[in-house]
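In: Next comes the sequence, and after it the predicted model I'd like to discuss.
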Amino acid sequence: MSGLRSKHLLGLEGMTAEEINLILDTAASFKEISERPVKKVPALRGKTVVNLFFEVSTRTRASFELAEKRLSADTVNISKAGSSVAKGESLRDTAENLQAMKIDVIVIRHGSAGAPHFLASILDASIVNAGDGSHEHPTQGLLDMFTLREKLGGIEGKRVTIIGDIAHSRVARSNIFGLVTLGAHVTVCGPPTMIPPRIEELGVRVETDLNRAIGEADAVNVLRIQLERQKVNLFPSLAEYAVVYGINRERLAAMKPGSIVMHPGPINRGVEITQEVADGDRAVILEQVTNGVAVRMAVLYLLCEGGSKDKSPSIEDVVGEKSDSRVN
Amino acid sequence: MDADQIRRAVKRISHEIVERNRGVKGLVVVGIRRRGVYLAQRIAEYMEKIEGARPPVGALDITLYRDDFQVTKNIQTKPVVGTTEIKEDVTDKAIVLVDDVLFTGRTIRAALDELIDFGRPRQIQLAVLVDRGHREFPIKADYVGRNLPTSENELVEVKLIELDGRDEVILGEMEE
C-alpha cells in the first residue's frame, strides 16, 4: 500500500480509484472507534490542526473537530467573525501567522474557489479543503461514497442521481469526480438554469425530467437549495421548485425498491425534500453524518502519517491550466 | 516448527490457560491482528473441547497505538489500519492476549494501552506462539509455545493455514 500521493486533500478531481478506496477502507476501520467507551486513539498525538472557517458550518466543522479530537490531535478553531479577518487581514497573512505557530494541518472552508490551493502553495502544513466556493467539498464527496458503498455494497456500476443546483454545488462536483472515478453511472438533474454547460464532459448524463432521472437510480443525492449563493433568481419560486424537483412520497414510491435517499444537509424541509421522506426509512441522512466523522479521521490520519512529504506544489502546479473554477 | 508442533503447542497453551483460570468463566481471548486473531480462535476452540464452553474472542488492531510512526514515516509499506472488534465489556474480565511472536514487547505495550481504553480488566495474561527474546520493555509472556533463541538480525516468520495456506514457523536472515 503506497498511501496518498499528496500531503493535501484539495479535491477529488485527479485522485486515483486506489487512493479513494484507501481512504474509504481506512474509514471503515475508523468507524468502530466512535462506538467505543473511550472514543479516542493516540494516532495524531502531538499534531496541531487549525480549523479555519470563513463560511458558516455546523456539520462539517463539528465533524472535523470530533475527528481531530478522536485521533488525539490538538485543535484550534478560527472563524471569520471574532478573528482578525474581520479587521481586514488577508488570507495570506492569516495563514502565515498560523504557520509561524508551528501547526501541522489547516482545514479550510472559504467562499472563494481555490483558497485551499493557494494555502497549499505557500505553506508547509497539510491543507484539507472543507469546501471552497462552488468548486469542491472533497470530504463530503468521500462520506457520500462511503455511505453508498456501505448501503449498496459497492459503487462500480451503481446508478446515482444528483438533484438540484448542480452549477453552484461543490458537493455535486466532488461527488461527480469521485463517483465517475470509481465507475458509477452518474446522472445530474435540476432546472436547466442550474445545470452548468458542458457538464457532460465530466462523464455524467444530464436529465431535466425528474421522474426519468430517479426511476433507475440506486441512490439519489438531493442537494440543498442554496439561497445564500443565488445572486439571480434561477427558478420562479421555492414552491414551484418543490413541486417540480422536490422528493416526496409519490416520487419515492416510483423509485427502485432498496434505493436510498441522501442529503448533505442542512435540509430545507418541504423544499427539495419533504419532511416525510427526510425522516423515512429510505433516507440515510443521519448515517451520512455518522460516517462523516470516520471519513475525516481517515483523511487526517492518512495525510499526517501516510502522505508523502514532498515539497509544496506551486500555485501553477495545483491549479494548472484548469483554473476555470467559478469564484463567487 | 512444523504443523504438528504448532498444533501441540497451541493445545498445551489452551490447557494451561484453562488450568490457571480454573475454567473459561470470565475469560476473553483477544488476538492481535493479524495472526494473533487466528491463534486466539484456535485456542478458544481447544478450550471449548476441554471445558465444553467457548470463551468470547476479540480482535485488536494496534496500528493507531504504535510508537514507531515517526521511524517508519518514509517506508512504502505503511501498515494498513485494521478493525478492532471487542464486543464484550472487558471490565472485571480476565483477558488472554494472543500474538504470534514476542520480540521487543512494543506491540504488546500498544495492545495493553488499547485494551485499557475499553475498560478495566481484572487481569491481562499474555500467550505467544514464539518467544524470540530481545525485549526492549519489561514484558513477559504467561504462556509460551516455544522459546526460540535468535540474534537480532534474524527474522522469525509465522505462517498459519488461515492466512498463508500452511502452518509453519521459519527462522530466516533479515534482508539488508
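Out: Cool, the structure landed.

In: what about residue A:97, how many residues close to it?
Out: Neighbour count of residue A:97, defined by other C-beta atoms under 10 Å in any protein chain shown: 11. (Glycine included, C-beta is placed from N, CA and C.)

In: tell me the secondary structure for it?
Out: Under DSSP: H, G, I helix; E, B strand; the rest coil, residue A:97 falls in the helix class.

In: What distance do you get for it to residue A:89?
Out: Residue A:97 sits 8 Å away from residue A:89, going by C-beta to C-beta, to the nearest Å.

In: try residue A:164
Out: As judged by C-beta to C-beta, residue A:164 and residue A:89 stand 35 Å apart.

In: Between those two, which has more neighbouring residues?
Out: For residue A:164 and residue A:89, the more surrounded residue by other C-beta under 10 Å is residue A:164, and the numbers stand at 27 against 13.

In: Next up, the contacts around the nearest residue in space to that one that is not next to it in sequence.
Out: What sits nearest to residue A:164 in space, not counting adjacent residues and going by C-beta to C-beta, 6 or more residues apart in numbering or on different chains, is residue A:223, at 3.1 Å. Contacts for residue A:223 (C-beta atoms under 8 Å, 6 or more residues apart in numbering or on different chains) come out as A:162-166, A:169, A:171-172, A:190, A:263-264, A:272.

In: which SS class is the residue nearest the centre of chain A?
Out: Among the residues of chain A, the one closest to the centroid is residue A:140, at 2.3 Å (C-alpha atoms, centre = their mean). Three-state assignment for residue A:140 (three-state DSSP): helix.

In: Confirm for me that it is in contact with residue A:131.
Out: Yes. Taking contacts as C-beta atoms under 8 Å, residue A:140 lies within contact range of residue A:131: 7.5 Å.

In: List the residues that are in contact with both of the two.
Out: The contact sets of residue A:140 and residue A:131 overlap at A:60, A:170 (C-beta under 8 Å, 6+ apart).

In: Which pLDDT value does the model give the residue nearest to residue B:143 when sequence neighbours are not counted?
Out: Take residue B:143 and drop its neighbours on the chain: the residue closest to it by C-beta to C-beta, 6+ apart is residue B:127, 3.9 Å away. Residue B:127 carries a pLDDT value of 98.

In: after the host helix or strand of residue B:127 comes which helix or strand?
Out: Assessed by DSSP states H and E, residue B:127 sits inside strand B:123-131. Later in the chain than strand B:123-131, the nearest helix or strand by DSSP H and E is strand B:143-147.

In: just to revisit the earlier point, per-residue confidence for the residue nearest to the centre of chain A?
Out: If you check residue A:140, the pLDDT there is 98.

In: Nearest spatial neighbour of it, chain-adjacent residues omitted?
Out: Per C-beta to C-beta, 6+ apart, closest to residue A:140 is residue A:171, 5.0 Å.

In: now do residue B:124
Out: Spatial nearest neighbour of residue B:124, excluding adjacent residues (C-beta to C-beta, 6+ apart): residue B:95 at 4.7 Å.

In: got the contact list for the one you found?
Out: Taking C-beta under 8 Å, 6+ apart as the criterion, residue B:95 is in contact with B:27-30, B:115, B:121, B:123-125.

In: swap the cut-off to 7 Å and go again
Out: By C-beta atoms under 7 Å, 6 or more residues apart in numbering or on different chains, the contact set of residue B:95 is B:28, B:30, B:115, B:121, B:124.

In: can you tell me how far the residue lying farthest from the centre of chain A sits from chain B?
Out: Computed with C-alpha atoms, centre = their mean, the residue of chain A farthest from its C-alpha average is residue A:87, at 29.3 Å. Relative to chain B, residue A:87 is positioned 39 Å away (C-beta to the nearest C-beta, to the nearest Å).

In: swap in residue A:189?
Out: Counting by C-beta to the nearest C-beta, the gap from residue A:189 to chain B is 37 Å.

In: so what's the nearest residue to that residue once chain neighbours are set aside up against?
Out: Of all residues not flanking residue A:189 in the chain, residue A:213 sits nearest, at 3.7 Å (C-beta to C-beta, 6+ apart). Residue A:213 is in contact with A:161, A:163, A:187, A:189, A:207, counting by C-beta under 7 Å, 6+ apart.

In: Now do the longest helix seen in chain A: everything it contacts.
Out: The residue-count maximum for a helix in chain A (DSSP state H) belongs to helix A:285-301. Outside helix A:285-301, the residues within contact range by C-beta under 7 Å, 6+ apart are A:9, A:23, A:26-27, A:30-31, A:34, A:43-44, A:59, A:63-64, A:66-68, A:70-71, A:105, A:128, A:139, A:142-144, A:146-147, A:262-263, A:265, A:278.

In: among the residues you listed, which ones are buried?
Out: Among the contacts of helix A:285-301, those classed as buried by 16 or more other C-beta atoms under 10 Å in any protein chain shown are A:9, A:23, A:26-27, A:30-31, A:34, A:43-44, A:63-64, A:66-68, A:70-71, A:105, A:128, A:139, A:142-144, A:146-147, A:262-263, A:265, A:278.

In: Please list which of the contacts of helix A:285-301 are also close to chain B.
Out: Restricting the contacts of helix A:285-301 to those within reach of chain B (C-beta under 7 Å from any C-beta of the partner chain) leaves A:26, A:43.

In: Strands of the chain, start to end?
Out: No chain in the question, so chain A it is. A:48-53, A:74-79, A:105-110, A:126-132, A:159-163, A:185-189, A:205-207, A:219-222, A:260-262 (DSSP state E).

In: should've been chain B
Out: B:27-32, B:57-60, B:94-102, B:123-131, B:143-147, B:154-159, B:168-173.

In: Distance to residue B:4 added to the ones you listed, as a markdown table?
Out: Listed next are these as a markdown table, based on distance: least, C-beta to C-beta, whole Å:
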| stretch | distance to residue B:4 |
| --- | --- |
| strand B:27-32 | 22 |
| strand B:57-60 | 24 |
| strand B:94-102 | 17 |
| strand B:123-131 | 14 |
| strand B:143-147 | 13 |
| strand B:154-159 | 14 |
| strand B:168-173 | 11 |
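
In: Low-confidence stretches in chain B?
Out: Applying pLDDT under 70 to chain B picks out residues B:68-80, B:175-176.

In: which one's the longest helix in it?
Out: Criterion DSSP H: the longest helix present in chain B is helix B:3-21.

In: tell me which residues in that helix are buried?
Out: Going by neighbour count (16+ other C-beta under 10 Å), the buried part of helix B:3-21 is B:6, B:9-11, B:13-14, B:17-18, B:21.

In: do stretch A:245-258 as well
Out: Within stretch A:245-258, the residues scored as buried using 16+ other C-beta under 10 Å are A:245-247, A:251-252, A:255.

In: what pLDDT, on average, does that stretch get?
Out: 95.

In: now that stretch, how far from the chain's geometric center?
Out: Averaged C-alpha coordinates place stretch A:245-258 at 24 Å from its chain's average position (C-alpha atoms, centre = their mean, to the nearest Å).

In: Which residues does that stretch contact?
Out: A:163, A:190-191, A:210-211, A:214-218, A:220, A:222, A:261, A:271-274, A:276-277, A:282.

In: Residue of the stretch 51-200 of chain A nearest chain B, please.
Out: Using C-beta to the nearest C-beta, the closest approach of the stretch 51-200 of chain A to chain B is made by residue A:71 at 7.8 Å.

In: can you tell me which residues contact residue B:64?
Out: Neighbouring residues of residue B:64 by C-beta under 7 Å, 6+ apart: A:41-43, B:81.

In: if we go to 6 Å?
Out: Going by C-beta atoms under 6 Å, 6 or more residues apart in numbering or on different chains, residue B:64 touches A:41, A:43.
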